[in-house]
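> Need the 3D shape of this:
(2 chains)
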Amino acid sequence: MTTELVTKSLRDNRGSTTGWGIALVASVLLQLAVYPAVRDAAGEFEKLLDSYPESFKALFNLQQSLASGVGYLQGEVFGFLAPLVLLGVAIGQASRATAGEEKAHTMDLLLANPVSRTRLLLDKALAVFVSVALVAVAFGVVLVVGSSVAGLGVPWLDLVFAVTASAVVALPFGALALLVGALTGRPGLAVALPVGLGLLTYLLDALSPLSEGLRPWRVLSPFRHAAVNAALNGDPNWLGLTGLVALTAVLLAGAALAFERRDVRS
Amino acid sequence: MNVISTRQLSKSYGRTVALRDLNLEVRPGEVYGLLGPNGAGKTTTLRLLIDVIRPTGGTIRLFGSPMSPRLRGRIGYLPGDLVLYDRLTGADYLRFCGALREHPDLSEALRLAKRLDLDLDRRTGELSKGNRQKLGIVQAFGHRPELVILDEPASGLDPLAQREFHTHLREYVDGGGTVLFSSHVLSEVEHVADRVGILLAGRLVVEDTVTSLKAKAMRELTFTFGEEVAAASFSGIPGVRAAVQVSGTEVRCRVTGAVGELVRTAARFPLLNVTSHEPDLEDIFVHYTEEHSDDD
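Residues are numbered from 1 along each chain as shown, chains lettered A, B, ... in the order given. Below you'll find the model as predicted:
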């Protein structure tokens, strides 16, 4: 590891990390603040939700009663907000890791230093990982403390499991952004492809319970293997999460291999 | 063992040949100037050497070995398209480079910055093009490399900074360093290079010392006579490439090699004056460009 490279990347990404982090933490606090009101009016909400189509509820992870802490967090926090932010951090920063330097024309001079391309790429990947972890930790702390204050009644360990699962599912998408960036040197493409794939696999996982035709394909969705809902219920899918970490490692190895062979854009 | 040694080095982008069969030898302690018009392959050559692009053919040896990250610590590089991190100050940037090169001692960099009158406390984004170029030069020499590879180093520098930079180059070489630089500014190459290679359309068309190139180069003699003399009287003389009638009594000849025969012929007429135009690299450059396009 080259400390200087990692710290510089972290510094470069400071704005993105704090921006996404504050957005997530503030949204979580807001959701938790309104929880007591939602719980008290749960009967009305249930009626409203019953009128929604199943596909809509599946899409926003509204399968359990909003009155229960777990159901509320599934629907309001882990359903859409957490993956959006954590994937945003991972993909945004990973797409700029090498491709951003190439586009800015700073890569020539950076590579003229006695640092191998693989080292450079892995150091930048580490910086992205640290950013994702920082946002996840802030998210976790606020969630654990806020849930207890708002009286959600969800065990803190289950919350930690769910936050971990949400963060881990972001990793392969970040690694994919890094791979596309390493292959092409184009940060735009390195954002577009993982975001598109993220949306597609998210929908695949969310909607597969409604469609027989989709069901066999849901194995392709990282969100299925992360199983955030199960984690929130105290039963994380360790095997699935390990698989996602392994997939991240494979994608990173591919990125290093691609970057070692390529001509840097001029 | 030469500091830089390439064999049949080639680079193509699809069907476009950027560099063809380059055999380049740069010896220890010399300043080698790579000269050529835009698009001749100068930047391609330097980027191949520094290993940011990969050859489609041939080999590169630096200090006798293929390029490796470790070897890069012994080399300083200034890219032609210099972009620095806008948010860092010059000093921050040099510290960053120093850390990556495991050469935290900034004394050489600070000395050179002072010499070039560069303010290191300003963010690079606020620097003028010339000052950014100075910082690019400073970082290339800052870790006391054994070889520096510089792509158009003097571009954007004011004459004073250019002079300081050229003096620094000489001192660096006198201290045992080796320099390969590219330029399309002929006077610069003429001023600092020990040897010159001219690249045209991806091919090294000539390589020689500046002195020897000049000796072989075409020069121009202008004769002024006391009566009308026809330019045709001088065509056919060995070495004379062209004889042009400037006015009735004035003839300009372009000649390569010895001028004895030409001068003897001119002396048969009432000769009032002769002026000789010393060839500079521009003439040499034009000469080889013409010769090269004749080949095609």
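
> hey, where'd the strands end up in chain B?
For chain B, the strands defined by DSSP state E cover B:4-13, B:16-22, B:25-26, B:31-35, B:57-62, B:75-78, B:147-151, B:178-183, B:195-200, B:203-209, B:219-225, B:240-247, B:250-255, B:271-277.

> closest to A:Tyr35 out of those?
strand B:75-78 (58.1 Å; CB to CB). All C-beta atoms are positioned from the backbone trio N, CA, C, and that covers glycine.

> rank the strands of chain B by pLDDT, which is bottom?
Lowest mean pLDDT within the strands of chain B: strand B:240-247, a mean of 86.

> Reformat the strands of chain B into JSON lines and put distance to chain A and mean neighbour count next to each item.
Listed next are those as JSON lines, based on distance: least, CB to the nearest CB, whole Å; neighbours: other CB atoms under 10 Å in any protein chain shown:
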{"stretch": "strand B:4-13", "distance to chain A": "9", "mean neighbour count": "18"}
{"stretch": "strand B:16-22", "distance to chain A": "11", "mean neighbour count": "18"}
{"stretch": "strand B:25-26", "distance to chain A": "17", "mean neighbour count": "20"}
{"stretch": "strand B:31-35", "distance to chain A": "17", "mean neighbour count": "25"}
{"stretch": "strand B:57-62", "distance to chain A": "12", "mean neighbour count": "17"}
{"stretch": "strand B:75-78", "distance to chain A": "4", "mean neighbour count": "26"}
{"stretch": "strand B:147-151", "distance to chain A": "8", "mean neighbour count": "24"}
{"stretch": "strand B:178-183", "distance to chain A": "14", "mean neighbour count": "24"}
{"stretch": "strand B:195-200", "distance to chain A": "17", "mean neighbour count": "23"}
{"stretch": "strand B:203-209", "distance to chain A": "20", "mean neighbour count": "17"}
{"stretch": "strand B:219-225", "distance to chain A": "39", "mean neighbour count": "18"}
{"stretch": "strand B:240-247", "distance to chain A": "39", "mean neighbour count": "14"}
{"stretch": "strand B:250-255", "distance to chain A": "39", "mean neighbour count": "20"}
{"stretch": "strand B:271-277", "distance to chain A": "39", "mean neighbour count": "12"}
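
> Could you export these as JSON lines, including distance to A:Gly100?
JSON lines is the format used below for the strands of chain B (distance: least, CB to CB, whole Å):
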{"stretch": "strand B:4-13", "distance to A:Gly100": "23"}
{"stretch": "strand B:16-22", "distance to A:Gly100": "26"}
{"stretch": "strand B:25-26", "distance to A:Gly100": "34"}
{"stretch": "strand B:31-35", "distance to A:Gly100": "31"}
{"stretch": "strand B:57-62", "distance to A:Gly100": "28"}
{"stretch": "strand B:75-78", "distance to A:Gly100": "21"}
{"stretch": "strand B:147-151", "distance to A:Gly100": "22"}
{"stretch": "strand B:178-183", "distance to A:Gly100": "27"}
{"stretch": "strand B:195-200", "distance to A:Gly100": "32"}
{"stretch": "strand B:203-209", "distance to A:Gly100": "36"}
{"stretch": "strand B:219-225", "distance to A:Gly100": "53"}
{"stretch": "strand B:240-247", "distance to A:Gly100": "54"}
{"stretch": "strand B:250-255", "distance to A:Gly100": "53"}
{"stretch": "strand B:271-277", "distance to A:Gly100": "52"}
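
> what about those, which gets the closest to A:Phe223?
Using CB to CB, the nearest of the strands of chain B to A:Phe223 is strand B:4-13, at 40.9 Å.

> May I have that closest one as PDB, with CA atoms only?
C-alpha atoms of strand B:4-13 as PDB (Å, rounded to 0.1, in the frame of the first residue of the first chain):
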ATOM      1  CA  ILE B   4      18.200   4.500 -23.400                       C
ATOM      2  CA  SER B   5      18.300   1.800 -26.100                       C
ATOM      3  CA  THR B   6      15.400   0.900 -28.300                       C
ATOM      4  CA  ARG B   7      15.300  -1.800 -31.100                       C
ATOM      5  CA  GLN B   8      12.800  -1.600 -33.900                       C
ATOM      6  CA  LEU B   9      10.400   0.300 -31.600                       C
ATOM      7  CA  SER B  10       7.100   0.700 -33.300                       C
ATOM      8  CA  LYS B  11       3.600   1.900 -32.400                       C
ATOM      9  CA  SER B  12       0.500   1.700 -34.500                       C
ATOM     10  CA  TYR B  13      -3.000   2.700 -33.700                       C
END
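
> Could you list the residues of chain B in contact with chain A?
Neighbours of chain A within chain B, by CB under 8 Å from any CB of the partner chain: B:43, B:47, B:50-54, B:69-73, B:75, B:77, B:79, B:81-85, B:96-97, B:99-102, B:136, B:139.

> Just the buried positions in stretch A:146-161, please.
The neighbour-count check on stretch A:146-161 (16 or more other CB atoms under 10 Å in any protein chain shown) flags A:Gly146, A:Ser147, A:Ala150, A:Leu152, A:Val154, A:Asp158, A:Leu159, A:Val160, A:Phe161 as buried.

> tally of neighbours for whatever residue of the stretch 101-250 of chain B ends up closest to chain A?
Going by CB to the nearest CB, chain A is nearest to B:Arg101 of the stretch 101-250 of chain B, at 5.8 Å. Look at B:Arg101: counted by other CB atoms under 10 Å in any protein chain shown, it has 22 neighbours.

> what's near enough to touch it?
By CB atoms under 8 Å, 6 or more residues apart in numbering or on different chains, the contact set of B:Arg101 is A:Asn113, A:Pro114, B:Gly73, B:His143.

> Please tabulate the residues you listed in a markdown table, including the columns distance to B:Asn23, pLDDT and neighbour count.
Output for the contacts of B:Arg101, formatted as a markdown table (distance: CB to CB, whole Å; pLDDT from 0 to 100; neighbours: other CB atoms under 10 Å in any protein chain shown):
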| residue | distance to B:Asn23 | pLDDT | neighbour count |
| --- | --- | --- | --- |
| A:Asn113 | 28 | 95 | 25 |
| A:Pro114 | 27 | 95 | 19 |
| B:Gly73 | 26 | 94 | 18 |
| B:His143 | 29 | 95 | 24 |
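
> quick one on the thing from earlier: spatially nearest residue to the residue of the stretch 101-250 of chain B closest to chain A, not counting backbone neighbours?
Nearest in space to B:Arg101, with sequence neighbours left out and distances taken as CB to CB, 6 or more residues apart in numbering or on different chains, is B:His143 at 4.5 Å.

> Give me the contacts around stretch A:33-41.
Contacts for stretch A:33-41 (CB under 8 Å, 6+ apart): A:Phe45, A:Leu66, A:Ala67, A:Gly69, A:Tyr72, A:Ala150, A:Gly151, A:Leu152.

> now do 6 Å
With CB atoms under 6 Å, 6 or more residues apart in numbering or on different chains as the test, stretch A:33-41 has contacts from A:Leu66, A:Ala67, A:Tyr72, A:Ala150.

> Stretch A:196-212 now?
Stretch A:196-212 is touched from outside by A:54-55, A:58-59, A:87, A:173, A:214-215, A:217-218, A:221-224, with contacts defined as CB under 6 Å, 6+ apart.

> Now with 7 Å, please.
Residues from elsewhere that reach stretch A:196-212, judged by CB atoms under 7 Å, 6 or more residues apart in numbering or on different chains: A:54-55, A:58-59, A:61, A:83, A:87, A:173, A:176, A:214-215, A:217-218, A:220-224.

> Could you do stretch B:254-273 as well?
Stretch B:254-273 is contacted by residues B:216, B:218-221, B:223-227, B:229, B:233-234, B:237-242, B:253 when judged by CB under 7 Å, 6+ apart.
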